[in-house]
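S.K.: how does the following fold in three dimensions:
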Amino acid sequence: MPSSLSIVVAAYNSEKEIGVLLNSLLSSKERDFEICFCDDGSTDGTLQEIEPYRNRLEIRVVRNQTNLGVAAARNQALALARAPLLLFLDADVRLYPETISRLLRGLDETGADVFEGVYSPVALDDGLISAYYAAFAHRSFLISDHPVAYNVFNAWCALCRREAMDAVGGHAVTPKGVEVENEALGRKLAARGFKIMIDPSVAVDHHWGGASKVFFIFTSRVYWWVKTFFAAGRRFELCLTTPSYGLGTAAFPAAALLLAASVFNRWLIAPAVFFAAAFTFAYAPFYRFALRYKGPFFCLSCIVLSACFSFVITASAAYSFIEELLSLAINGRPSLDPAIFGSPS
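M.R.: Sure, this is the predicted structure:
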């Protein structure tokens, strides 16, 4: 008898993480599922790591000879799915025993077409920077204590009705390196009238990859978030703390520059203090969370890291913003096609 749930996973060079995901699925209280994998041209032992689980879990696999990118790989894994409900997961997350049950219950109780979880504050890899970003990412979603409307498809933990996915045809396949697949799919679903809900109380653990991966998030992804903003009707995500974090992040480099310039003009000290206060105010909820979560030393580390990363984030966002202004001025349109977000071209 076919399963009632298909779990859709795209994996690329995930041999160190995929066993963590599969072990968590073995521990799930909900077991009526199949797992549909696309190995996206991995050059490591990802497929070999999956093999021992095939006699304990219902697993279907397709493999790309070359790496095509996560959007194409998810679509190929989706093509294997046979169930009426689809659970999209990243290959480097860990579920809790009740995660799937809570997602299924939330989908039913809210009448949503897509019901999503968030990242937990637990980093599955070691290191201060991974711990910092795990806490930061988790706190960014704590905008409510109950499910709220959303417009991004968080494919690392998203339960979806098949009819919704069929209506939009899965992910829009953009060139590899264009990091907008989740935003594009979510905005397109919302534009078609499908209801997306996110529940901050349902969380999965994640491998964050340390300094190199977090640096990537704070450069490449910020770059594409700005482009998404322009292409999707100049609208931020429906929830999260994007506007306040964005303004607060830009405030710290501004404060540092003004403070440096105050050597030549002391009247610049006042605006420098103002911008530093704006940065502190924007990040204060995160710092309070970090203090409660892991204590004073971790909180202090988060303050220092947030200040350091603010320069990288602001530079990436500013570069993308200038590119978009030039594109609008020269071409009369944003860099990304609004159609992939469900907006008029």
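S.K.: sketch out the low-pLDDT regions of this structure for me.
M.R.: Judged by pLDDT under 70, the chain has its weakly predicted residues at 1-2, 239-243, 345.
S.K.: could you redo the last one with a cut-off of 80?
M.R.: Within the chain, the segments meeting pLDDT under 80 span 1-3, 142-144, 236, 238-244, 343-345.
S.K.: strands along that one, start to end?
M.R.: Listed in chain order, the strands of the chain (DSSP state E) span 5-11, 33-40, 59-64, 85-90, 93-94, 114-123, 148-149, 157-161, 196-206.
S.K.: adding distance to L22, write these out as TSV.
M.R.: C-beta coordinates here come from the backbone N, C-alpha and C atoms, glycine included. TSV is the format used below for those (distance: least, Cβ to Cβ, whole Å):
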stretch	distance to L22
strand 5-11	9
strand 33-40	8
strand 59-64	8
strand 85-90	11
strand 93-94	10
strand 114-123	18
strand 148-149	31
strand 157-161	16
strand 196-206	14
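S.K.: which one of those strands lies nearest to I18?
M.R.: strand 5-11 (5.9 Å; Cβ to Cβ).
S.K.: now the angle from that closest one to strand 157-161?
M.R.: Orientation check (axes from the mean of the first three to the mean of the last three Cα atoms, to 10 degrees): strand 5-11 against strand 157-161 gives 130 degrees.
S.K.: just list what strand 5-11 packs against, helices and strands only.
M.R.: Contact here means 3 or more Cβ pairs under 8 Å, 6 or more residues apart in numbering; DSSP states H and E; on that basis strand 5-11 packs against helix 18-26, strand 33-40, helix 70-80, strand 85-90.
S.K.: correct me if wrong: G41 contacts G69.
M.R.: No: G41 lies out of contact with G69 (Cβ atoms under 8 Å); the separation is 9.7 Å.
S.K.: neighbour-wise, which of these two wins?
M.R.: G69 (21 against 16; other Cβ atoms under 10 Å).
S.K.: next, that one: phi, psi?
M.R.: Dihedral angles of G69 (phi, psi; degrees, to the nearest 10) stand at phi 110, psi 160.
S.K.: quick one on the thing from earlier: need the helices and strands packed on strand 5-11 in TSV (columns: mean neighbour count and distance to N64).
M.R.: TSV is the format used below for the helices and strands packed on strand 5-11 (neighbours: other Cβ atoms under 10 Å; distance: least, Cβ to Cβ, whole Å):
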stretch	mean neighbour count	distance to N64
helix 18-26	19	16
strand 33-40	24	5
helix 70-80	22	7
strand 85-90	24	17
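S.K.: and the ones you listed as CSV, adding distance to R161?
M.R.: CSV is the format used below for these (distance: least, Cβ to Cβ, whole Å):
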stretch, distance to R161
helix 18-26, 21
strand 33-40, 15
helix 70-80, 13
strand 85-90, 6
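S.K.: thanks a lot, see you next time.
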